[in-house]
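Enquirer: coords please:
(one chain, ligands or ions: 1)
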Amino acid sequence: MNYLSTRNRDLRMNAPQAIAQGLAPDGGLLTPAVLPRLPASAVETMKEMSYQQRVVYIMNSFLEGFAASELTVYANEAYGGGKFDAEDVAPVRKLDDRTYCLELWHGPTCAFKDMALQMLPHLLTASLEKNDEKKTVCILVATSGDTGKAALEGFRNVDKTKILVFYPKDGVSDIQELQMVTQEGGNVGVSAVAGNFDDAQTGVKRLFSSRELAGTLAERGYFLSSANSINWGRVLPQIVYYASAYCDLLKSGAITKGEQINVCVPTGNFGNILAAYYAKEMGIPINRLICASNQNNVLTDFINTGAYDRNRTFYNTMSPSMDILISSNLERMLFELSGRNDKQVREYMAQLSEYGSYRVDSAIRTKLKRLFSAGCCDDSQTLLMIGRMWKEKEYLIDPHTAVAFHVLDEYRAETGDGTPTVVVSTASPFKFCSSVLTALGVKGHKPGVEILDQLSQYTGVPVPMPLARLKNKQRRFSGSIEPAGMMDCVLDFLK
Ligand SMILES: *Cc1c(COP(=O)(O)O)cnc(C)c1O
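Expert: Reported below is the predicted structural model:
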């Protein structure tokens, strides 16, 4: 299977190259040259499989040059061995006869980023080996919270890799900061950067584009790479859990063979919901893709009007992992919707970079409307939904998941669509204790890690192990640097 750039279909490479490179040299996103179709028997076959076996079944058709036996080892290392606190890895929980919740936060960092970042290091190191790369890769990450910790945990003690994470000093929650500064592993580094997420992100981009730095690091036997969500190695593992959720629903008798389901996904960079689209195109019976945004509702407007416009106010919300105005993975969707018209994608992306906006043609709009519905949810509606879910279903959800439930409610009220729907739950509520306690009407929040026990005692829901263990962990990284000091930080880390 070859991969091509969304901006130039003639630019082709194999799977190991696509995963090692992350981004095409022309700035496009690397995408499978053909989307494999599952055989008609696929769901029946996968139904009887473990999650790890489903991973191999789905990923195999995308990864020429990787043996199934190889993928089996990766799947077991990524999702087995007690790394997830749910045996079925991505369990589906029934809320009522037509509403189900796919919990993607049972991994080591309690957010759905683990689903991809537990797998990516295996795919990446194998790709480097297949490409005969002799240097050691250093992953650089700028994080607004969830990605940094999940990447650290994924790459921890992985041979021939190092990872350095920069987070904005005042831009992450106490729990998120503690998760990062207590990170274990011999190949990891973490540094706070004075400023906000943009400062950290801009700093990392500068490091990637410095030829001088690349030259110095090459002499030392290193090269820099990224683990961000446009890498195909992050999208691919996410297709699996949609297929898996469908199989679980069928197995439990919740749906009948061939019955369609909807999915409702809290969306930021468009990676998660794009994976749902691919699962549908491969043949999993998914009907509507419901795209849920917070107050940063650039995608809601795009799906409803066909105009993408990032020229708008940026809001810091209580679902920070969706505070995004440029949804990078949307480019892959445009590529598909335009009939894989690379020239058209190139034009839209040029307009986005020049004017911050573009409007798709009516053919794309028609297809977009046929596939997607979209809605948004502000912070007060988020709080209401968390409170209602707890009161009515005794189900504790985080703010990102609440956004999705709110949008699903509105969608159902508008359309009357009674299709069984899987709502994707992307973080443990314990990652966002303060917002959740507020939603439950609890005032006087405890400081630091004590807030975990406060939420647990109030609800009777146990604190997930990886967060409970934070209490006894040593801080390994402290201090904070100015953005101008990031280059020295890298040079010091890779001495
Ligand atoms: C990253 C993240 C999202 C958004 O996922 P995308 O793939 O960027 O759409 C939603 N919720 C949580 C908790 C996340 O960490």
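Enquirer: which residue packs closest to the residue in the stretch 101-250 of the chain positioned nearest to the ligand, ignoring adjacent ones?
Expert: Per Cβ to the nearest ligand atom, Asp146 is where the stretch 101-250 of the chain lies closest to the ligand, at 3.6 Å. Every residue, glycine included, has its C-beta placed from N, CA and C. Leaving aside its chain neighbours, Asp146 sits nearest to Ala111 (4.2 Å; criterion: Cβ to Cβ, 6 or more residues apart in numbering).
Enquirer: residue contacts, that neighbour?
Expert: By Cβ atoms under 8 Å, 6 or more residues apart in numbering, Ala111 lies in contact with 105, 146, 149-150, 321, 426-428, 431.
Enquirer: same check, this time on Val240
Expert: Per Cβ under 8 Å, 6+ apart, neighbours of Val240: 51, 54-55, 58-59.
Enquirer: hmm, try it at 6 Å
Expert: 54-55, 58 (Cβ atoms under 6 Å, 6 or more residues apart in numbering).
Enquirer: ok, and the most crowded of these?
Expert: Of all those, Val55 has the most neighbours under the rule other Cβ atoms under 10 Å, reaching 28 neighbours.
Enquirer: Pull up the gap between the residue nearest to Asp146 and Leu249, please.
Expert: 23 Å (Cβ to Cβ, to the nearest Å).
Enquirer: what do you get for Asp170?
Expert: 42 Å.
Enquirer: now Cys377
Expert: In this structure, Cys377 and Leu249 are 25 Å apart, going by Cβ to Cβ.
Enquirer: cool, and Cys138?
Expert: 42 Å.
Enquirer: Can you classify the nearest residue to Phe84 once chain neighbours are set aside by secondary structure?
Expert: Using Cβ to Cβ, 6+ apart and skipping residues adjacent in sequence, the residue nearest Phe84 is His106, 4.6 Å away. Secondary structure state of His106, per DSSP: H, G, I helix; E, B strand; the rest coil, is coil.
Enquirer: my guess is Arg332 meets Pro32, correct?
Expert: No - with contact defined as Cβ atoms under 6 Å, Arg332 does not reach Pro32; the gap is 9.8 Å.
Enquirer: between the two, who's got more neighbours?
Expert: It is Arg332, of Arg332 and Pro32, that has more neighbours when counted by other Cβ under 10 Å, with 24 against 20.
Enquirer: tell me which element the more buried one falls in.
Expert: helix 330-337 (DSSP states H and E).
Enquirer: before we move on, what about Glu44?
Expert: Take DSSP H and E as the rule and Glu44 turns out to sit in helix 42-47.
Enquirer: Give me the helices and strands touching that helix, please.
Expert: Judged by 3 or more Cβ pairs under 6 Å, 6 or more residues apart in numbering; DSSP states H and E, helix 42-47 is in contact with helix 232-251.
Enquirer: From Lys471, how far off is the residue of the stretch 101-250 of the chain closest to the ligand?
Expert: Counting by Cβ to Cβ, the gap from Asp146 to Lys471 is 20 Å.
Enquirer: And the two? Which one has more around it.
Expert: More crowded of Asp146 and Lys471, by other Cβ under 10 Å: Asp146, with 26 against 14.
Enquirer: what kind of secondary structure is Arg12 in?
Expert: Per three-state DSSP, Arg12 ends up strand.
Enquirer: burial measure for Asn316, as a count.
Expert: 12.
Enquirer: how near is the closest residue to it other than its chain neighbours to the ligand?
Expert: Nearest residue to Asn316, sequence neighbours excluded (Cβ to Cβ, 6+ apart): Asp323, at 6.1 Å. The gap separating Asp323 from the ligand is 10 Å, by Cβ to the nearest ligand atom, to the nearest Å.
Enquirer: so Asp323 makes contact with Asn296?
Expert: Yes - counting by Cβ under 6 Å, Asp323 does reach Asn296; the two are 5.4 Å apart.
Enquirer: which one of the two has more residues nearby?
Expert: Asn296 (22 against 17).
Enquirer: Give me the pLDDT for that one.
Expert: pLDDT, Asn296: 95.
Enquirer: Can you get me a residue count around Tyr51?
Expert: Neighbourhood size, Tyr51 [other Cβ under 10 Å]: 22.
Enquirer: count of neighbours near the nearest residue to it once chain neighbours are set aside?
Expert: Among residues not flanking Tyr51 along the chain, Val89 sits closest, at 4.0 Å (Cβ to Cβ, 6+ apart). A count of nearby residues for Val89, using other Cβ under 10 Å, gives 27.
Enquirer: Same question for Asp453.
Expert: Residues near Asp453, counting by other Cβ under 10 Å, number 14.
Enquirer: Three-state assignment for Lys149, please.
Expert: Look at Lys149: counting by three-state DSSP, its state is helix.
Enquirer: how about it, what does it touch?
Expert: 109, 179-180.
Enquirer: try 10 Å
Expert: Counting by Cβ atoms under 10 Å, 6 or more residues apart in numbering, Lys149 makes contact with 108-111, 113-114, 117, 141, 143, 165, 167, 172, 175-180, 182-183, 190, 431, 466.
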